[in-house]
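**Student:** need coordinates for the below:
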Amino acid sequence: MILGQGGARNAYRDGKGSIMMRARHEIEEGKGDRRSIVLTSIPFQVGKNGLVEKIAEAAKDKRIEGVADIRDESSRKGVRVVIDLKRDATPDVVLNQLWRHTPAQSNFPANMLAIRGGRPEVLTLRDFIEAFIRFREEVITRRTKFLLNKARDRAHILLGLVVAVTNLDEVVKIIRASSDPAAARTALMAQHWPIGEILPYIKLVEAIETEIEGDSYQLSEIQARAILELRLNRLTALGRDEIGDELKELAVEIEEYLAILGDRVKLYAVMREELEAIDREFSTPRICEIAPSWDGLDDEDLMEREEMVVTVTHGGYIKRTALATFRAQNRGGKGRAGMATKDEDAVTELFVTSTHTPVLFFSNIGKVYRLKVWKLPEGGPSTKGRPMVNLLPLGESEVISNVLTLPEDEAEWGGLSVVFATAKGYARRNSMDAFANVPSNGKIAMKFEGEDADDRLIGVELLTADDDVLLASRAGKAIRFAADDIREFQSRASTGVRAMKLAKGDEVISLSILTRVGTTPEEREDYLRFAPWKPEKEGEPTLSAERIADMAEKEQFILTVCANGYGKLSSAYGYRRTGRGGQGITNIDNIERNGPVVASFPATKGDQLMLVTDQAKLIRMPLDSLRVLGRGTAGVRLFNVDDNEHVVGAAKIEESDEGDVEDNIGLQGDEGNTQ
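**Tutor:** Reported below is the predicted structural model:
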């Protein structure tokens, strides 16, 4: 049993509180990667059978997630309740839910009412301790006084025996001359005995002797009675020595008792020794421990911050895998198995983010749900994950089509907007406040009704009023316009306004956000001719070297990936800003060879690219091997796809200066788009 500090702290402060008791537990490793939680004790006044039933009910109601089985293996040796966990369960999170939703952690009220000084009072824990110390001090003081008086009485008798033994002949003479014991006692008391030979003994106990008069000593009635009752064997030399030794021991004891009564520090030392002696003799191994209270502790606080690759399939399966699992390969590699899927399923989306990042899930019917990444099932590269219908309260025909990662710090949400883009080229902008609070059963994000019933959501992004929106179509077109060209909607039901005019059979597949740099068309054109990344430069630039360096520092690049494994990296300066609603400009050429565009998003050469095919192959490659090409070029081969295999998703993994992976990713694919 584990005792929480919170209740004891309240009792210490105001005398009102309770003791939080928690079952003692162990984590056991099972076969494979399975683990079990073993409860080896239960709180006071909690029934074991009832506890097991409560745990089973909480697991059935999904209040405790990750429980595979519960067994009661208790015996005469003690309590043993085994809770088997699922492979993707986190023991600390399951324990936190166990404490929160079952009597495995319970509060025992501390009634601090006591009688002090004949009156009932509610005492604090400090008052109880102080009262106990005062009580022990009084006990030790009274006991020491009693022992002191007893030692003094015994020393007084022994001093009389010393007188008798020292003056043996005279004592025998007085006794023989007396008519009866009373007369002998009176004669012994009337006699003045010389103190010459008994002076050393008198000095041992002189503090209690008042019978000394000058150079003589008179016996008291108690001493006279003791002499008359003295056995003859005590009159031998050995007997005399025993009386002297006992008197010396009593003198030491008397001195010790007087020191205890005269020194409080000495008294507390005695108290400590006695308590330690009781502890040594009667203590048993502790079966409880004092630990910080788990009340109010969020499950998220138990999760380590770690970069994760979140993978979503067309069939609705999702999982998270540690980013360190995937090693980087060179451009043109064959990749590795990234996820086990059914023949009719395919990986459509993936993104990289932290375990503590909140994620919004947008469904095909326009609803939005919210989860933290750590709540997603964890699995290896070859596992398929779990159906999202088991994680979110999805309807019968409802599937997740888009995912949006939010800043971990909610303080940053106030200055952000959310922009939505649909496959038919419509866009809508809302304040982030509209999605700050998402209930567990979700809320409406966009409605597709009437003429828009066959439309679908292809992308959701965060942006500010100073950003630009970039839409890319499947046929290789792209349009860039200012974010404030889309007015901020208060409604969450509308599909918005037309953002891109599409040709017949074409559709928008990508939504990206670009940072507005503030350049003129002439500056952009001149920079593209003399950019630092351009291998061949002809003529002299009209821009100054400082302006070129400034534009190079702020330059963004657009990575475009096609279904047949081709792609390119182009400067964002080549994508001029126009008004929304136009047909756009060429994004990539030679669609016949490259296949339709599946992804187009900002990237840099310092980033890495993760590609996924419809055969669940995955490759992670650095972008520093790609040279920057013009906006209207056809691109180069990025991925060697097999026959009847196509790229369906691409993710950007942004590297920080220290080489750590940032949670900034853009993912687009045939079935949707995710940042």
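
**Student:** now residue 226: which helix or strand?
**Tutor:** helix 221-228 (DSSP states H and E).

**Student:** what's across from residue 387 in the sheet?
**Tutor:** When bridges are called by DSSP bridges, residue 387 pairs up with residue 317.

**Student:** sorry, back to before: just the CA trace of the helix holding residue 226, in PDB.
**Tutor:** Extracted in PDB, the C-alpha atoms of helix 221-228 (Å, rounded to 0.1, in the frame of the first residue of the first chain):
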ATOM      1  CA  GLU A 221      14.600   3.300  62.100                       C
ATOM      2  CA  ILE A 222      14.700   1.800  58.600                       C
ATOM      3  CA  GLN A 223      18.400   1.200  58.900                       C
ATOM      4  CA  ALA A 224      18.000  -0.300  62.400                       C
ATOM      5  CA  ARG A 225      15.300  -2.700  61.100                       C
ATOM      6  CA  ALA A 226      17.600  -3.700  58.200                       C
ATOM      7  CA  ILE A 227      20.400  -4.500  60.600                       C
ATOM      8  CA  LEU A 228      18.200  -6.700  62.800                       C
END
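
**Student:** can you give me the strands in the stretch 151-300 of the chain?
**Tutor:** 193-194, 212-213, 216-217, 289-291 (DSSP state E, counting those that start in this stretch).

**Student:** biggest helix in the chain by residues?
**Tutor:** helix 125-166 (DSSP state H).

**Student:** for that helix, packing partners?
**Tutor:** Judged by 3 or more Cβ pairs under 8 Å, 6 or more residues apart in numbering; DSSP states H and E, helix 125-166 is in contact with helix 5-14, strand 113-116, helix 199-204, helix 221-228, helix 237-262, helix 264-282. From N, CA and C alone the C-beta is placed, and that goes for glycine too.

**Student:** the last one: which residues count as buried?
**Tutor:** Going back to what we said before, that points to helix 264-282. Buried residues in helix 264-282, counting neighbours by 16 or more other Cβ atoms under 10 Å, are found at 267, 270.

**Student:** find the residue closest to residue 524 in space, skipping its chain neighbours.
**Tutor:** residue 573 (4.4 Å; Cβ to Cβ, 6 or more residues apart in numbering).

**Student:** how much space separates the one you found from residue 177?
**Tutor:** 139 Å (Cβ to Cβ, to the nearest Å).

**Student:** what about these two, which has more around it?
**Tutor:** residue 573 (22 against 10; other Cβ atoms under 10 Å).

**Student:** secondary structure class for the more buried one?
**Tutor:** helix (DSSP: H, G, I helix; E, B strand; the rest coil).

**Student:** for residue 551, same thing?
**Tutor:** helix.

**Student:** tell me which element the residue lying closest to it once chain neighbours are set aside is part of?
**Tutor:** Once flanking residues are discounted, residue 551 sits nearest to residue 527: 5.1 Å by Cβ to Cβ, 6+ apart. Following DSSP H and E, one finds residue 527 within helix 521-530.

**Student:** what is the mean pLDDT for that helix?
**Tutor:** For helix 521-530, the mean per-residue pLDDT is 89.

**Student:** quick one: list the elements packing against it.
**Tutor:** helix 545-554.

**Student:** buried stuff in the helix it packs on?
**Tutor:** Neighbour-count burial for helix 545-554 [16+ other Cβ under 10 Å]: 548, 551.

**Student:** what packs against it?
**Tutor:** So helix 545-554, by 3+ Cβ pairs under 8 Å, 6+ apart, packs with helix 521-530.

**Student:** ok, now which ones touch the residue nearest to residue 551?
**Tutor:** Neighbouring residues of residue 527 by Cβ atoms under 8 Å, 6 or more residues apart in numbering: 519, 541, 543, 548, 551, 552, 573.

**Student:** tell me which of those is nearest to residue 243?
**Tutor:** Nearest to residue 243 among the contacts of residue 527: residue 552, at 109.6 Å, using Cβ to Cβ.

**Student:** so what's the closest one closest to, chain neighbours aside?
**Tutor:** residue 532 (5.3 Å).

**Student:** and for the one you found, the neighbour number?
**Tutor:** 12.

**Student:** which SS class is it?
**Tutor:** Applying three-state DSSP: residue 532 is coil.

**Student:** would you check that it makes contact with residue 550?
**Tutor:** No: judged on Cβ atoms under 8 Å, residue 532 makes no contact with residue 550 at a distance of 11.9 Å.

**Student:** low-confidence regions, this structure specifically.
**Tutor:** Along the chain, segments meeting pLDDT under 70 span 1-18, 32, 203-214, 233-239, 286-299, 301-304, 314, 326-349, 653-675.

**Student:** for the residue nearest to residue 25 when sequence neighbours are not counted, give its distance to residue 27.
**Tutor:** Nearest residue to residue 25 in three dimensions, chain neighbours excluded: residue 39, at 5.3 Å (Cβ to Cβ, 6+ apart). Taking Cβ to Cβ as the measure, residue 39 falls 11 Å from residue 27.

**Student:** which of the two has more neighbours?
**Tutor:** residue 39 (23 against 13).

**Student:** would you confirm that that one contacts residue 22?
**Tutor:** No: judged on Cβ under 8 Å, residue 39 makes no contact with residue 22 at a distance of 9.8 Å.
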